[in-house]
Structures are given as structure tokens and as C-alpha cells.
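S.K.: Predicted coordinates and the sequence they were generated for:
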Number of protein chains: 2
Amino acid sequence: MNEKTTIYDIAKRLNITAATVSRALNNSPKIKKSTRELVQETADLMNYKQNKLALALKSGRSNNIGIIVPRVDNNFFGTVIRGIEEELYPHGYHVIISQTHDDPKRENENLYALIDAQVDGILMSVTDVTDQNYDAFQNVLQKNVPLIFFDRTRHIDGVSSVTINDFKGGYLTTKHLINEGCRHIAHFSRDQSLDIFKNRFLGYKQALLDSGIPFKEEYVIPIKSSLESGKDAVDILLQLETPPDAIFSSSDFAALGAIQELKERNINIPNDFCVAGFSNEPFTKFMELSITSVDQSPLEMGKMAAKVFLEQISKTETIKIEKKVVLAPELHIRKSSTRTIF
Amino acid sequence: MNEKTTIYDIAKRLNITAATVSRALNNSPKIKKSTRELVQETADLMNYKQNKLALALKSGRSNNIGIIVPRVDNNFFGTVIRGIEEELYPHGYHVIISQTHDDPKRENENLYALIDAQVDGILMSVTDVTDQNYDAFQNVLQKNVPLIFFDRTRHIDGVSSVTINDFKGGYLTTKHLINEGCRHIAHFSRDQSLDIFKNRFLGYKQALLDSGIPFKEEYVIPIKSSLESGKDAVDILLQLETPPDAIFSSSDFAALGAIQELKERNINIPNDFCVAGFSNEPFTKFMELSITSVDQSPLEMGKMAAKVFLEQISKTETIKIEKKVVLAPELHIRKSSTRTIF
DNA sequence: CTGTTAGCGCCTTCAT
DNA sequence: ATGAAGGCGCTAACAG
């Protein structure tokens, strides 16, 4: 019983043919009840397990979907993956994950590797280098494999996407800071070639405009998502002729770094300086001085991406639907930007 | 060029046989250089991609490995998965993940589903209900699929494991608290049926013993890994006749909850009360009052688990090696338990 | 209701 | 150096 048993083994044992066994196991309507039961029993007895690989080869569907993310050890992506897995699990899909570490070369390799592995779909967040791998993306589409972007997207025809309204996220946050009385609001921005970061910036800009506050180029600091980067940015900002009195950061980590640096300089938060981040990382609400941040609904984003995939796969292959789902951002106002403290 | 091209398509185009194409593509030594190049060229031209499924069916190896964890949206497991993926990527393995949410039923299903999917190995952290799914585990072993536990293990013959020395982690932490002058040290413990939690507890107990401090049963509080649970536990402890002056928590989240509750009651941390956690969650070092915690080297744990798998797979099938790798815990001493503050 | 046959895409003896 | 044939495990069309 060590060897894997196949339907042929069962057939031989029962002096019937493999086709019959297959039909019995698949509950084909036109099979005698007695044989169905007999087959089922001996299958159990022989510890038979269907080889999904053979099934996949035959059917052309592997029941695997591929996920590509910059990294998996990160709350946001981890939670999206969780959402995808939970949504797809009941449908019998398995989830293959691969990481790019924001290296376009890895993105390229992963794209091809997943296609080679015959995944039934690819759900991904692109790297922050967005001008590459055109051929790899086209290859996916050409193979008729549904491709769905979540969060970080690119403009490619035929690709669906699930994002939050980053513009609104930026707008709401900036408006909130203005409401708290801030008039010199800086912005930590990440690579503008990615829509999510560009839109957060545009939302920020629009909020200033709508409130009659002049936009200053010098208040926009390019950062990476790290504490260090946030500290450095504060360093730059405080040397300006008119230093800001608030920061809207596209990264929670940079926001935290900024807070640490501001405290170091004995600047009172939130009374003299407000800070808000983006992503609603767990630590933002755990801090003694909790950090205002925009929640991106990663769980829902994952579930939605999975749903879009399921929809895509069910349609007739000829119809290429390009669905764009935009979720609402949710601003969580916390101590780091609330000037009225009780 | 929309359809997937197979080696037969290439063969037909070149008026040769599929076998030759296969050999050429696989760099078989006995193939004319000219034909090899010709085949290679037209393969590229026709956008040929090898169907790994067919290969898998033929070879019996899918080049997929399965990972089963309670959940993926969690720093520890996310990082372990990252380590596994990074280690296995260069070897051409893909990583399939599935979550149990600590439901033994899900664990059971996932185990069988991964075997059905013909994974070449399973790397997992078991659920906190450890008295179940015996058949499912045996099924894996019987199918000769390497099974490797990381962090949360069970006692099953033939299964390798990668863990940290939890006993030592508990011991070091407790010793540290004693060194800080604490004499009434409580312990937040999770389900003792899991070795990791039992060992942390035993390390705690041993440290007390070695320091001549009496062990008190009432100081050991069963908790869940949540802020709420930590708060509740503090509530219980402070009602004791002799309340403790320190807590060694098996969970960072419960440790944080405890700290919040203690602060609420105006108890000075660390001067009147020390707290230490376990797992070195990112937030522990971000807090204003940073939290002492034991690092479990999740990245290395993942890489090591992957290495053990690779080793296992390379050996002759008949030899069943049962390897137990134990990594060293690393105590990160921070403000929540450091009484000498500058 | 069940058997026969063929094929999914690939590799691998066995010939030639 | 290449062709022919068979098989990995399963399903589905075609018979009967």
C-alpha cells in the first residue's frame, strides 16, 4: 500500500475497466448504484487519491493561481494573500506565491514561470519599476490567462484591477490635517510612476487647492518606506525657510520615522505638528502616540481580486472583460493628528 | 500564435519528430548542433513554453511544495514563508500556501488536498489542536512525501522539524527579569499541548528554580494571542494576594495588552513592573516604551526548513532521515524590562 | 450501464 | 543523430 494506487489498480481488482472506475468516482449519472458503491469502497480501501496532475493535463486547467507580490512578510500583502486564499479555497483553487523584491527581473521570471506552471490566473501587485516586462505581460494575456492587478497597477489593455481610491485617501487625509488647523502640510511621496502614489499626491494637492492653501513643491519629499527615510525627510523639511506643521506620508514606516525624529527635536505632536500615514499598519494603532492612517482594506481587496478572477474564468473565453474595482479608503484618525486631546 | 504551441507543432514545422525537438530543447548530448539551434530558434519564434504539467505527470514530480500555516497575515509566518520561497526559488520550486486558521478540519483538508496536488513536500506549522489528523499525516508519510514541521511541531515518526530552543528562550527571558530585580514573575502561557509553549513555560520554571525563587501555579495564566487576553490576565493577577512584579508572556500581543492595562492602572513600567514578550513582532521595537521580546529568527527558520526539505528529497528514497534542527533564540532587551534608564 | 479507444504534452527506451 | 512507440493517470467520445 506504499505505492500510489491508480484507477487502473482499482479496475484490475474489480475486473472492470478504468473508465468505469473514473465514472463511478465522479458520480456519473449513468452508472449502476451497486458498482458505484463497490468502486467507492475499494477505492477507500486501497487508499486511492486522484492525481490532480493528470486531471490538469487532461483538462488544461491546473486549479492553481499565481500570486506575485514584492514581498510576503509584510502586513498589507500578507493580508491580501489571506483574502485571496480564503476566497478561492472553497472553489478548489490552490495559491502559488512568488516574490519580486521589487526587482523587475524577478517579476519577469515569475511571470514566465507561472505560465509554464500552467496557472489558471495571475493576481499581482507590480514592482515599482513600471516601464519593463512588457513582453512578459503580453505573453500572459496572449495565453488567455486572466491577469488581475491589485493595489499597484500598470496600464495594460485587458487587465482588470482592484485598488482603493488613493486620490480620495490623500484628499481625506489632507483635508483632515487642514481641519486640525495645519496650514503648511508636507507630503512624503514614493515613486510617482506608480499610480497609487501619484494619486495620493494628487489628492493631497487637490485638498490644498480646495482650501485655498498654496501648493509648495519643496514640501514634497521623495521617500522610501522606512523609518530612516522618514527621519531624513524631516531633517530636510526643518531646514526650509518656512518649515511645515504637518506631514501626510504615503508610508506608515516613514511617518513613524518622522515622528521619532520630531520627538527627538522636542517638537510637540500633535499640538505643534501633525502626522498622518498610509496603510494602517498594525503598529500605527498600537503606539502610545497612535498614528493616523488610511486603511486600504487589504482583506477585502484580496477577496475582491479573487472574485474578479472567478468571474473572468467563468465567462466565455472570447469576451475580454476589463474590470476596474475601486474600494473606498478609510481614514483612521488617531492621536498623531488630533489636536483636541481630552 | 494565440494557441499554446507544443513540441509537436515545432516538429511539424521542421519536418522532424517530436522526440528530436524534446532532445534538442533539453540539450541532449547526442544531437547535431545545427538542428539544436534550428529547433531552439523556431521554438523561440513560435513562443513555445514547456508545459510543466506534462513534465510533472511524466516525472512524478510537480516541483511544487506545500506550506500550511495557521494564517499568512502575520509577521512570523509571513517571514518564514518568505524564507522558504527565497531558498526554494533558485531550485525551481513553487510554493503553494494554505491556511488552517487553527481549525484541525482545515488542516486535514489541506493535507489531503496538497497530496492530491502532487506536491513534492509539505512544510508546515501545526494547528493548536494537536490530537487529531493522525491519518492525514500518515497518509503523507506513506506517500513518501517529505514532511517538515517548523515552529509548531507534533511528535510523529519520520517527520523532520525546525524550531528554536523555546526552553532557552523562556529561560533567558526569565533570568533577565530576575536580574532586573523582579522576584514575582508571572507567565502568560498558551496551549501547553504545543511543545513550543510548553517549553517556554518549562524554561521559565527552570529559571525560577535555578534562582531559588518559588514557582507559583497561580502566576501562570492561560491566554490567547490578543491584547484583550493580556488585559484580562493582568486583571486576574492584580487581584492576587501577592501580585507579581513582572510578566513573561508567550505572546507579544498579550504583552502589549498587559502593558496597556498596567498603564491604565498607573503602574510604572519598568520601574515597578517589568514585561517581556515572545516573537519580536515589529511593533515591539517601535513602541515608545519598546517591549523586550525573544526573536525566533523566522527568516532563517524558513530557509532552514527549505534546506532540510532539499536534503530530504536528494537522498535515496529508502533512507528516512528524521532531522531535528534547533535554532538559538535571541533575547532583545528593551525598555519594558530595563530598570536602569538613562 | 459499461467497454474500447484516443489523447492531454512530454520524455525515454529501443531501434535504425 | 534521429525516428517509432509507449506510458505517466485521467477523462470523454463513441460504441454497444
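M.R.: The structure has been received and is ready for your questions.
S.K.: Okay, A:S336 and DNA strand C: tell me how far apart.
M.R.: 56 Å (Cβ to the nearest atom of the strand, to the nearest Å). Any C-beta I mention is one placed from the backbone N, CA and C, and that applies to glycine too.
S.K.: wait, doesn't that residue sit right on A:N268?
M.R.: No: A:S336 is beyond contact range of A:N268, at 11.4 Å (criterion: Cβ atoms under 8 Å).
S.K.: more neighbours, these two?
M.R.: Each of A:S336 and A:N268 has its neighbours counted (other Cβ atoms under 10 Å in any protein chain shown); A:S336 has more, 26 against 9.
S.K.: ok, A:N139 - contacts?
M.R.: The neighbourhood of A:N139, defined by Cβ atoms under 8 Å, 6 or more residues apart in numbering or on different chains, consists of A:111-112, A:115, B:47.
S.K.: just A:K285 next, same as before
M.R.: Neighbours of A:K285 in contact, by Cβ under 8 Å, 6+ apart: A:291, A:332, A:334.
S.K.: State whether it is indeed within a helix.
M.R.: Yes: using DSSP: H, G, I helix; E, B strand; the rest coil, the assignment for A:K285 is a helix.
S.K.: Which of the contacts of A:N139 are buried? Put it as a ChimeraX command.
M.R.: Selecting the buried subset of the contacts of A:N139 in ChimeraX, with 16 or more other Cβ atoms under 10 Å in any protein chain shown as the burial test, is done by:
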select /A:111,112,115
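S.K.: Show me which pair in the contacts of A:N139 is furthest apart.
M.R.: Largest separation among the contacts of A:N139 by Cβ to Cβ: A:L111 and B:N47, giving 13.7 Å.
S.K.: all strands of chain A, in order?
M.R.: For chain A, applying DSSP state E gives strands covering A:64-69, A:94-99, A:122-124, A:147-150, A:160-164, A:185-189, A:220-222, A:246-249, A:274-279, A:292-295, A:324-327, A:330-332.
S.K.: what's A:A306 in contact with, if anything?
M.R.: A:83-84, A:87-88, A:123.
S.K.: Keep only those residues that also lie close to DNA strand D.
M.R.: Applying Cβ under 7 Å from any atom of the strand, the subset of these adjacent to DNA strand D is empty.
S.K.: how about a markdown table for the residues you listed, with pLDDT and distance to DNA strand C added?
M.R.: Shown next, in a markdown table, are the contacts of A:A306 (pLDDT from 0 to 100; distance: Cβ to the nearest atom of the strand, whole Å):
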| residue | pLDDT | distance to DNA strand C |
| --- | --- | --- |
| A:G83 | 98 | 32 |
| A:I84 | 98 | 27 |
| A:E87 | 97 | 29 |
| A:L88 | 97 | 24 |
| A:L123 | 98 | 24 |
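S.K.: Out of those, which comes closest to DNA strand D?
M.R.: A:L88 (20.4 Å; Cβ to the nearest atom of the strand).
S.K.: ok, the closest one to A:E311 distance?
M.R.: 13 Å (Cβ to Cβ, to the nearest Å).
S.K.: neighbour-wise, which of these two wins?
M.R.: Applying other Cβ under 10 Å to A:L88 and A:E311 shows that A:L88 carries more neighbours, namely 25 against 14.
S.K.: Kindly report the residues of chain A close to DNA strand D.
M.R.: A:4, A:6-8, A:18-19, A:22, A:25-26, A:48, A:50-51, A:54-55, A:57-59.
S.K.: Can you narrow these down to the ones near DNA strand C?
M.R.: Okay, of the residues of chain A next to DNA strand D touching DNA strand C (Cβ under 7 Å from any atom of the strand), that's A:18-19, A:54, A:57-58.
S.K.: Same list (the residues you listed) but as JSON lines, adding pLDDT, distance to A:N64 and neighbour count.
M.R.: Shown next, in JSON lines, are those (pLDDT from 0 to 100; distance: Cβ to Cβ, whole Å; neighbours: other Cβ atoms under 10 Å in any protein chain shown):
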{"residue": "A:A18", "pLDDT": "90", "distance to A:N64": "26", "neighbour count": "14"}
{"residue": "A:A19", "pLDDT": "90", "distance to A:N64": "27", "neighbour count": "11"}
{"residue": "A:A54", "pLDDT": "94", "distance to A:N64": "15", "neighbour count": "15"}
{"residue": "A:L57", "pLDDT": "92", "distance to A:N64": "13", "neighbour count": "19"}
{"residue": "A:K58", "pLDDT": "92", "distance to A:N64": "15", "neighbour count": "10"}
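S.K.: Save these as TSV, and put in distance to B:R106 too.
M.R.: TSV is the format used below for those (distance: Cβ to Cβ, whole Å):
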residue	distance to B:R106
A:A18	32
A:A19	34
A:A54	26
A:L57	28
A:K58	28
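S.K.: Specify which member of those is nearest to A:N179.
M.R.: Nearest to A:N179 among those, with distances taken as Cβ to Cβ, is A:L57, at 60.4 Å.
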